[in-house]
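Asks: output the structure for:
(one chain, ligands or ions: 2)
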Amino acid sequence: MVTLPVVQRPKPTWEHAPVLHHEPLGDRYRALRLQAPKIAISAQPGQFVMLTVARRGEATPALPRPMAVYRRDRGAGTVDVLYGIDGDGTRKLAGFQPGEEILVVGPLGRGFTIDSHIRSVLLLGRGIGTCSLTTVAQDNAARGVDTIAVTSARQEDALIGTETYREFGAKAVYSVTDTDNTSSPDALLATLTEDWDQQPPQLIMVCGSQRLTSLGVELARRWAAELQVSLEAHMACGLGYCHGCASGARSEGEESPLICADGPVFGWRFDEAERVV
Ligand SMILES: Cc1cc2nc3c(=O)[nH]c(=O)nc-3n(C[C@H](O)[C@H](O)[C@H](O)COP(=O)(O)OP(=O)(O)OC[C@H]3O[C@@H](n4cnc5c(N)ncnc54)[C@H](O)[C@@H]3O)c2cc1C
Ligand code: FES
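Replies: Ligands and ions are numbered 1, 2, ... in the order given. Here you go, the predicted model:
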């Protein structure tokens, strides 16, 4: 893994963001829409926010929770987050009602980088990891770049993003699950190479699964494509201060990259000799 070249990043800010909508999405997830115009206008694909779920005057939970920006509407000044209820923080978050405010810090981290020569991008997302990829499709639509999207999950009711990708004009959307045996790397490799070997995407982006990362590596080698991977880590601050999210990738001499500040998106370094062109 390599840190991506330094690009201009928006300066993080904070907002006491009113909740506009907050609804269950199927049995597993919740969709949260916040009025956060400063973050909406600047958030780049793959960036995230930190949500403080303690209400004003409450001491706990002390740590904010990292959440990907699922989509943003710059005109309306809104930021959408899609999340699953996991532990204490997300359980508390689920109780916020429209009209209440949530302290949001963002946009944070180094997001995905799409050079101007890129015309076609493959997105590989598993479960909630797909939330980090949808804004790539949102920006691709605006820039005339093709999106090919794979959303993967254990079963159908855990799939995320299928409709969102379609709404953003994706050229193809593959919704694959473990239950119907379409999500295995072998099955996906067969499907994607059959459909795209003649016109392969130039850039592959992955989030949410080690198996999808391995598939991304294989496809990137086959197609001589660039690969970028978004990593997850437990984050206490999200700002590069606490070093709780150090990736451990480098040990001798250099400091380990911080997933919140040097990532969460990292590039993949290929040995040129390994490439199958
Ligand atoms: C960059 C990034 C983007 C994310 N985007 C989303 C998203 O869009 N939707 C979504 O549902 N989830 C997302 N997550 C995971 C989400 O942050 C955790 O599921 C959530 O923090 C768990 O909090 P909790 O209170 O439910 O669990 P608890 O177990 O009570 O959390 C305890 C602490 O551990 C941390 N933690 C626990 N699990 C994780 C985890 N898997 N990753 C990182 N920190 C964790 C929490 O931040 C908290 O500080 C993202 C994580 C990262 C790093
Ligand atoms: S979460 Fe604190 S440095 Fe990354």
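Asks: rest of the way, CA atoms for contacts and neighbours
Replies: Noted.
Asks: helix, strand or coil: sort out the residue in the stretch 101-250 of the chain positioned nearest to ligand 1 for me.
Replies: As assessed by CA to the nearest ligand atom, ligand 1 sits closest to H234 within the stretch 101-250 of the chain, at 3.2 Å. Under DSSP: H, G, I helix; E, B strand; the rest coil, H234 falls in the coil class.
Asks: that one reaches C245, doesn't it?
Replies: Yes. The criterion here is CA atoms under 8 Å, and H234 meets it with C245 at 6.0 Å.
Asks: the stretch 151-277 of the chain: strands as residue ranges?
Replies: For the stretch 151-277 of the chain, strands defined by DSSP state E, counting those that start in this stretch occupy the ranges 172-177, 203-207, 226-230, 265-267.
Asks: ok, the residue nearest to T52 when sequence neighbours are not counted - how many residues close by?
Replies: In this structure, T52 finds its nearest non-sequential neighbour in P64, 4.3 Å apart by CA to CA, 6 or more residues apart in numbering. Applying other CA atoms under 10 Å, we find 21 residues neighbouring P64.
Asks: at the contact with ligand 2, which residues of the protein appear?
Replies: Counting by CA under 6 Å from any ligand atom, the residues of the chain lying close to ligand 2 are 235-245, 258-260.
Asks: on that earlier part again, for L159, which of the strands of the stretch 151-277 of the chain is the nearest?
Replies: strand 172-177 (7.2 Å; CA to CA).
Asks: quick one on the thing from earlier: mind checking which of the residues of the chain next to ligand 2 are buried?
Replies: 235-240, 243-245, 258-260 (16 or more other CA atoms under 10 Å).
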